[in-house]
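Participant: what would the 3D arrangement of this be:
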Amino acid sequence: MSLSEPPRSRTCLRRPRILLVDDDPGVIRGLWRLLRQLRPDFAVNTASCAAQAIAALSMHSYDVVLTDLHMPGGSGHAVLRALLESYPETARIVHSSQLESGDPSELGQLAHAVLAKPATESALLAAINLAAERAASEGRPSWCG
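Facilitator: Sure, this is the predicted structure:
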């Protein structure tokens, strides 16, 4: 009996990860439920402030971070800057009700997508799917889809 090499298959290193950052527990719960329904393949983590988000980034790698801009104890801008500096491969999505108070050109440099809160299900899903496609096209073997 001869041994043969096992068939090769695509390796899935892990489920795609998304980090939701918002100080409003109702928004976090709603987004979490929506993503679990629309993208059950994603592992979804949450943070209620910028400091928690930055701590989470140091412990796990994320494929997508969706953040509010205005939160007590640090802004979403701090999260976006940390991502751009230390984790540039992570897709950055802004989901905020106060977009008019920010500099649109700065947001364009910091985020891949900007959504006005409350974003529709289709807009959220489109932004997340675009981020996932972007990661796959860059050759990151983070998940199988």
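
Participant: lowest-confidence helix or strand of this protein?
Facilitator: Across the helices and strands of the chain, mean pLDDT, DSSP states H and E gives its lowest value to helix 104-110, namely a mean of 74.

Participant: list the strands paired with whichever helix or strand comes after that helix, with their directions.
Facilitator: Later in the chain than helix 104-110, the nearest helix or strand by DSSP states H and E is strand 113-116. Partners of strand 113-116 in the sheet, by DSSP bridges, are strand 91-96 (parallel).

Participant: can you pull the buried residues of the strand it pairs with?
Facilitator: Under the neighbour-count criterion of 16 or more other Cβ atoms under 10 Å, strand 91-96 has 91-96 buried. The C-beta positions use only the backbone N, C-alpha and C, and glycine is treated the same way.

Participant: in what element of secondary structure is A51 found?
Facilitator: Element membership for A51 (DSSP H and E) is helix 50-59.

Participant: L66 too?
Facilitator: Using DSSP H and E, L66 sits in strand 64-67.

Participant: name the residues that touch that strand?
Facilitator: Defining contact as Cβ atoms under 8 Å, 6 or more residues apart in numbering, one finds that strand 64-67 is touched by 16-22, 31, 53, 57, 76, 79-80, 83, 90-95, 124, 127-128, 131-132.

Participant: how does it look with 6 Å?
Facilitator: Strand 64-67 is contacted by residues 18-21, 76, 79, 83, 90-93, 95, 128, 131 when judged by Cβ atoms under 6 Å, 6 or more residues apart in numbering.

Participant: got it, and stretch 82-93?
Facilitator: Here stretch 82-93 makes contact (Cβ under 6 Å, 6+ apart) with 54, 62, 64-66, 80, 111-113, 127, 131.

Participant: tabulate those in CSV, adding columns for pLDDT, neighbour count and distance to A43.
Facilitator: Output for the contacts of stretch 82-93, formatted as CSV (pLDDT from 0 to 100; neighbours: other Cβ atoms under 10 Å; distance: Cβ to Cβ, whole Å):
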residue, pLDDT, neighbour count, distance to A43
I54, 94, 18, 19
Y62, 91, 22, 9
V64, 91, 27, 11
V65, 94, 29, 13
L66, 94, 27, 14
L80, 93, 24, 21
A111, 86, 25, 22
H112, 85, 16, 20
A113, 86, 20, 20
A127, 89, 22, 18
A131, 72, 22, 15
